[in-house]
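Student: give me the fold of what follows.
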Amino acid sequence: MAETKISIEDIKKLKELSGAGLTDAKAALVEAKGDFDKALEAMRKKGLTKAEKRGDRETREGLVDSYIHDGRLGAIVEVNCETSFVAKTEEFKTLAHQIAMQVASMNPLYVSEADIPEEDRKAKIKELEAGFKGPANMKDQILEGQMKKAFADKVLMNQPYILDDTKTVEQFIKEAIAKTGENITIRQFKRIELGVTE
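Tutor: Down below sits the predicted model:
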């Protein structure tokens, strides 16, 4: 059986896109029998699995970035990583800026679901329970789904990513974790709109 010819250009391109080493990139292309898209998908899955494991590592470095739109709307964000080396890279600076754009554009209230205050949750559950009309045996499941939906656009990590709405902000961050090899977290943000006070 003839061996699949793998071009060095494809290996370099895959290395660049996945953040993996040359050897891993070549191995993925060989395994995918030269199918670049299939190899990239396999590398992403592998990278995202590693990203999940990195999620527990402490993030003490990072940077604060901002985005101002038309002098009327702005956002400032703190995005953290593990080392100052990664924090100084163009990729990390770009990521922080894109998160600031996301906050300015989509106006989230919380970074993650864990940040939703308990009183807000309770108030929403009370409101949903009052209007519940479904089957009693499915109540908990239905209410949980409605809760998720009610807060979906208010939670930054659950929002569709503005530059590629096929993924959420959380998936975008996980891809960055896979590429940098470091855990990345969004610690806080603030959005200001001209004439609007909280």
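Student: buried residues in stretch 85-103, which are they?
Tutor: By neighbour count on 16 or more other C-beta atoms under 10 Å, the buried set for stretch 85-103 is 86-87, 92, 95-103. The way it works is simple: take the backbone N, C-alpha and C, and place the C-beta from them, glycine included.
Student: dump those residues into a markdown table; add pLDDT and distance to residue 179 as well.
Tutor: Conversion of those to a markdown table gives the following (pLDDT from 0 to 100; distance: C-beta to C-beta, whole Å):
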| residue | pLDDT | distance to residue 179 |
| --- | --- | --- |
| 86 | 90 | 10 |
| 87 | 91 | 14 |
| 92 | 94 | 10 |
| 95 | 95 | 10 |
| 96 | 96 | 14 |
| 97 | 97 | 16 |
| 98 | 96 | 14 |
| 99 | 97 | 15 |
| 100 | 97 | 19 |
| 101 | 96 | 19 |
| 102 | 96 | 18 |
| 103 | 96 | 22 |
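Student: what about these, which are in helices?
Tutor: With DSSP state H as the criterion, helices contain 86-87, 92, 95-103 from among those.
Student: ok, back up a step: now, which of the buried residues of stretch 85-103 sits nearest residue 75?
Tutor: residue 103 (3.8 Å; C-beta to C-beta).
Student: which element is the residue lying closest to the closest one once chain neighbours are set aside on?
Tutor: Nearest residue to residue 103 in three dimensions, chain neighbours excluded: residue 75, at 3.8 Å (C-beta to C-beta, 6 or more residues apart in numbering). Assigned by DSSP states H and E, residue 75 belongs to strand 73-81.
Student: with only the CA atoms kept, save that strand in CSV.
Tutor: What follows is strand 73-81 as a C-alpha-only set of coordinates in CSV (Å, rounded to 0.1, in the frame of the first residue of the first chain):
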residue,chain,number,x,y,z
LEU,A,73,-19.6,52.7,24.8
GLY,A,74,-16.6,51.0,26.4
ALA,A,75,-15.5,47.9,28.3
ILE,A,76,-12.5,47.1,30.4
VAL,A,77,-11.5,43.5,31.2
GLU,A,78,-9.0,41.6,33.3
VAL,A,79,-7.9,38.4,31.6
ASN,A,80,-5.4,36.1,33.4
CYS,A,81,-2.9,33.4,32.4
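Student: perfect, that will be all.
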